[in-house]
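Asks: Mind looking at a prediction? Sequence and model below.
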Amino acid sequence: MHCGGTRLMAGLLALTLAGCGGMQHAMEHYSGITPVEVAMADDSYRVFDKPSDNRIMVTSSLGSAANQGALKGLTLGIADTTPPMMRFRAAAEHYLKDRGRASCRITSGVLLVQPQYEFRYAC
């Protein structure tokens with residue numbers, strides 16, 4: 001295998017491991033938390049709140065997640081089907097406001113695994 005192929009394989013391995021790490025993180029921190037459905041203009045989102053850690057995980061609705069996965073599969077993974085983080089952040093902010101925590105502010109956000117974002121917040 002030439003250098004380009006080796007670099008490609010290393011990159012794919014890193015992406016695979018990053019995805020596994022994100023899934024592991026989600027399972028460790030949000031296992032057992034019942035999601036709350038948040039309806040937004042663009043979609044519905046599922047919010048997993050962990051107020052003891054000031055963190056929220058926001059995922060696409062089950063239907064949207066399935067559609068994103070199907071599109072990614074049809075394009076052999078070439079198409080970026082991840083919706084922009086700002087949509088998930090807006091759902092997290094909406095959730096906090098609806099729960100009487102309008103004074104809370106999102107301080108950071110990260111893509112855990114497509115389509116799951118985690119946000120930290122401070123109140």
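Replies: Received it, and whenever you're ready, just let me know what you need. If you're wondering where the values come from, they're calculated on a predicted model, not measured in any experiment.

Asks: quick one: secondary structure of the nearest residue to Asp53 once chain neighbours are set aside?
Replies: In this structure, Asp53 finds its nearest non-sequential neighbour in His29, 7.1 Å apart by CB to CB, 6 or more residues apart in numbering. Placement of C-beta: from N, CA and C, glycine included. Three-state call for His29 (DSSP: H, G, I helix; E, B strand; the rest coil): helix.

Asks: Now for His29, how many residues are close by?
Replies: Residues near His29, counting by other CB atoms under 10 Å, number 15.

Asks: any idea how far it lies from Lys50?
Replies: As judged by CB to CB, to the nearest Å, His29 and Lys50 stand 6 Å apart.

Asks: list residues touching both of those two?
Replies: Listed as contacting both His29 and Lys50 by CB atoms under 8 Å, 6 or more residues apart in numbering are Met57.

Asks: Might you report the residue contacts of the residue nearest to Asp53?
Replies: Listed by CB under 8 Å, 6+ apart, the contact partners of His29 are 50, 53, 55, 57, 118.

Asks: how near is it to Ala41?
Replies: Taking CB to CB, one finds His29 at 28 Å from Ala41.

Asks: Pretty sure Pro115 sits against Ser60.
Replies: Yes - Pro115 is within contact range of Ser60, at 4.3 Å (criterion: CB atoms under 8 Å).

Asks: so where do the helices sit in this structure?
Replies: Counting by DSSP state H, the chain has helices at residues 3-30, 62-74, 85-98.

Asks: Tell me how far the residue nearest to Glu93 when sequence neighbours are not counted lies from Gln24.
Replies: Nearest residue to Glu93 in three dimensions, chain neighbours excluded: Ile106, at 6.3 Å (CB to CB, 6+ apart). Distance of Ile106 to Gln24, computed by CB to CB: 23 Å.
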